[in-house]
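> Coordinates for the following, if possible.
(chains A and B)
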Number of protein chains: 2
Amino acid sequence: MSRIILGIDPGSRITGYGVIREEKHRLEYLACGVIKVFDKATFADRLLEIHNGITEVIAKFQPQEMAIEDIFVAINPRSALKLGHARGVLLLAGKIAGLTIHEYTPRTVKQTVTGYGQAEKAQMQQTVRALLKLSATPSQDAADALGVAICHAHHFIQTAV
Amino acid sequence: MSRIILGIDPGSRITGYGVIREEKHRLEYLACGVIKVFDKATFADRLLEIHNGITEVIAKFQPQEMAIEDIFVAINPRSALKLGHARGVLLLAGKIAGLTIHEYTPRTVKQTVTGYGQAEKAQMQQTVRALLKLSATPSQDAADALGVAICHAHHFIQTAV
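The predicted model follows:
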């Protein structure tokens, strides 16, 4: 049985997404990219853009599961509040479309994908490229999103075994 | 020309809302209440409840404008992140329904409505009750929401004069 996983690296300006298919413990790359909002738009307009952007991705690839980065690091309250808004409309898009939602800390994603919880961005990009046999290196945000999707696929396999 | 204003006091567990009509500088109370989410639901389910709850209020009263509390106080990053999620899905509901969005700090709301920027919750409840000629005292969250709506109506009148 195959399943399609949407990985998300949330951000109030740039949100990365990555879509993979998992079948019999094999991972297949489907898509990745970023939703970059227009800087001069109002904050509420940006939230609508983020929400509509991820809703389009969901409609196109029909994933059953959403894996999204959880944030535990001590960012300042103002940044946390902004990021929360973006993350809120992303989770909402997943719930509206009926996806199951799974959250992983950046540390767990790095540990699971690269084997090292403190991995640099470049290391995540290279590992994701190798694991999914990509012909080019994805951008940092897209690679992080694919990383969350891979992390979730891996956790699921471990649990299922 | 009359207009209907939806005031919101956002929260990740309890969101207050208040609806008023402004016509020729006169304010009329239409409704108020709270959207209280089920504690045992997952966080994403709660966001869906909050979003659906406010969307119902918008559908019922057809406001043209949303006035919502902005948060500048130094709450901790974890609380800010949670509150941001709730605020995000509330703003989104407003944008989807085509409302204009207006943000006011708690201080501005208190100053405008009660004349004192550090007003206590009880003072806001009493002032809102008096201004809107309510037969009963609204709950704290509902009163705060009506306060934001009144604050917005007042600012608009000032600008328009």
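
> any idea how far A:Ile20 is from A:Val128?
Per CB to CB, to the nearest Å, A:Val128 is found 10 Å from A:Ile20. To be clear about C-beta, it is placed using only N, CA and C from the backbone, and glycine gets the same treatment.

> One more: A:Gly11?
When distance is defined by CB to CB, A:Gly11 is 20 Å away from A:Ile20.

> follow-up on the earlier one: who touches both of A:Val128 and A:Ile20?
Listed as contacting both A:Val128 and A:Ile20 by CB atoms under 8 Å, 6 or more residues apart in numbering or on different chains are A:Leu146, A:Ile150.

> Can you tell me which helices and strands the helix or strand hosting A:Asp45 packs against?
For A:Asp45, the element it lies in under DSSP states H and E is helix A:43-61. The helices and strands touching helix A:43-61, judged by 3 or more CB pairs under 8 Å, 6 or more residues apart in numbering or on different chains; DSSP states H and E, are strand A:2-9, strand A:14-23, strand A:26-36, helix A:77-96, helix B:77-96.

> A:Ile4 and A:Lys133: what is the separation?
18 Å.

> Neighbour count: the two, which is higher?
A:Ile4 (19 against 9; other CB atoms under 10 Å in any protein chain shown).

> residues in contact with the nearest residue to that one once chain neighbours are set aside?
The shortest distance from A:Ile4 to any non-neighbouring residue, by CB to CB, 6 or more residues apart in numbering or on different chains, is to A:Pro63 (4.2 Å). By CB under 8 Å, 6+ apart, the contact list for A:Pro63 reads A:Arg3, A:Ile4, A:Ile5, A:Leu6, A:Val19, A:Leu99.

> I'd say the second one and A:Gln62 touch.
Yes. Under the contact definition of CB atoms under 8 Å, A:Ile4 touches A:Gln62, with a separation of 6.4 Å.

> Spit out the contact partners of whichever residue of chain A sits closest to chain B.
Going by CB to the nearest CB, chain B is nearest to A:Gly84 of chain A, at 2.0 Å. Applying CB under 8 Å, 6+ apart to A:Gly84 gives the contacts B:Ala80, B:Leu81, B:Lys82, B:Leu83, B:Gly84, B:His85, B:Arg87, B:Gly88.

> Look up the closest residue to A:Glu23, ignoring the ones flanking it.
Nearest in space to A:Glu23, with sequence neighbours left out and distances taken as CB to CB, 6+ apart, is A:Ser2 at 3.7 Å.

> Please look at that neighbour and A:His25 and confirm they touch.
No. Between A:Ser2 and A:His25 there is no contact under CB under 8 Å: 11.0 Å.

> residues in contact with A:Asp9?
A:Thr15, A:Gly16, A:Tyr17, A:Glu69, A:Asp141, A:Ala142, A:Asp144, A:Ala145, A:Gly147, A:Val148.

> Could you tell me which residues make contact with the closest residue to the third one other than its chain neighbours?
What that stands for is A:Tyr17. Among residues not flanking A:Tyr17 along the chain, A:Ala145 sits closest, at 4.9 Å (CB to CB, 6+ apart). For A:Ala145, the contact set (CB under 8 Å, 6+ apart) comprises A:Gly7, A:Ile8, A:Asp9, A:Gly16, A:Tyr17, A:Gly18, A:Cys32.

> again, only using 10 Å
Taking CB atoms under 10 Å, 6 or more residues apart in numbering or on different chains, we find A:Ala145 in contact with A:6-10, A:15-20, A:32-34, A:67-69, A:109, A:128, A:138-139.

> again with A:Ser79
By CB under 10 Å, 6+ apart, A:Ser79 lies in contact with A:Ser12, A:Ile71, B:Pro77, B:Ala80, B:Leu81, B:Gly84.

> repeat that with 8 Å
A:Ser79 touches B:Pro77, counting by CB under 8 Å, 6+ apart.

> Chain A against chain B: which residues are in contact?
Within chain A, the residues that sit near chain B (CB under 8 Å from any CB of the partner chain) are A:42-45, A:47-48, A:51, A:71, A:74-89, A:91-92, A:94-96, A:101.

> just the buried members of these?
With burial judged by 16 or more other CB atoms under 10 Å in any protein chain shown, the buried subset of these is A:43-44, A:47-48, A:51, A:71, A:77, A:80-89, A:91-92, A:94-95, A:101.

> Give me the below-cutoff pLDDT ranges for chain A.
A:72-74, A:156-161 (pLDDT under 70).

> Phi, psi for the residue sitting furthest away from the middle of it please.
In chain A, the greatest distance from the average C-alpha position (CA atoms, centre = their mean) is reached by A:Lys40, at 24.8 Å. Main-chain torsions, A:Lys40, degrees, to the nearest 10: phi -90, psi -10.

> how close does the residue nearest to A:Asn76 when sequence neighbours are not counted sit to B:Glu56?
Using CB to CB, 6+ apart and skipping the chain neighbours, the partner closest in space to A:Asn76 is B:Pro77 (6.4 Å). In this view, B:Pro77 and B:Glu56 are 31 Å apart by CB to CB.

> who are the neighbours in contact with A:Thr108?
Here A:Thr108 is in contact with A:Gly117, A:Cys151 (CB under 8 Å, 6+ apart).
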